[in-house]
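**Student:** take a look and give me a structure for this.
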Amino acid sequence: MKLEGSCHCGAVSFSVDSKTPYPYDRCYCSICRKTAGSGGYAVNVMGEANSLVVKGEENIQVYQAKVEGEPSPGKRHFCRHCGSYMFVTDARWPDLVHPFAAAIDTPLPTPPMLQHIMLGSKAAWVEPSAGPDDAQFERYPELSIEEWHDANVRGDGS
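**Tutor:** So this is what the prediction gives:
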């Protein structure tokens, strides 16, 4: 599926191909909730890095959070004008790019369930809206993004 996204002010737009476009992971870590969170969490989807096309790239800045005092390998790309977070890249997974679901303009498919991750880092005021089929994790789930899609989406013919 081709995903198209943009920042709020229109200075940056992008497209990327994704075989895993379901916005199912709600991350409550302090980095996500403080830099791009809404509702106390952020949601990423996964795309193929070699398909990423960015217009207005000169308007992008990159933020690397510190994790345990060291720069994170994850690079958060955002619009320098309006501050909208666009996507994350990470040298550990050079074939992937993770757009923020909030930046995607293409209608995204509804996930069959959600995962609430990094709940051990959530703000005290946040009350996760977990459904009866949703999974909740204090840190990270055991399944990778690909494994989650294989188990929850692709198995039903999607």
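
**Student:** only C-alpha atoms for contact and neighbour calcs from this point on.
**Tutor:** Fine.

**Student:** any low-confidence regions in the chain?
**Tutor:** By pLDDT under 70, the low-scoring segments of the chain are 154-158.

**Student:** tell me the buried residues in the one helix or strand residue 5 maps to?
**Tutor:** Applying DSSP states H and E as the criterion places residue 5 in strand 2-6. Buried residues in strand 2-6, counted by 16 or more other CA atoms under 10 Å: 3-6.

**Student:** stretch 13-21 now?
**Tutor:** For stretch 13-21, by 16+ other CA under 10 Å, it's 13-18, 20-21.

**Student:** mind listing the helices for the chain?
**Tutor:** Counting by DSSP state H, the chain has helices at residues 30-35, 145-152.

**Student:** let's have those in TSV, adding distance to residue 129.
**Tutor:** Below are these laid out as TSV (distance: least, CA to CA, whole Å):
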stretch	distance to residue 129
helix 30-35	15
helix 145-152	20
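
**Student:** would you turn those helices into a markdown table with distance to residue 121 and mean neighbour count?
**Tutor:** A markdown table is the format used below for the helices of the chain (distance: least, CA to CA, whole Å; neighbours: other CA atoms under 10 Å):
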| stretch | distance to residue 121 | mean neighbour count |
| --- | --- | --- |
| helix 30-35 | 6 | 18 |
| helix 145-152 | 20 | 14 |
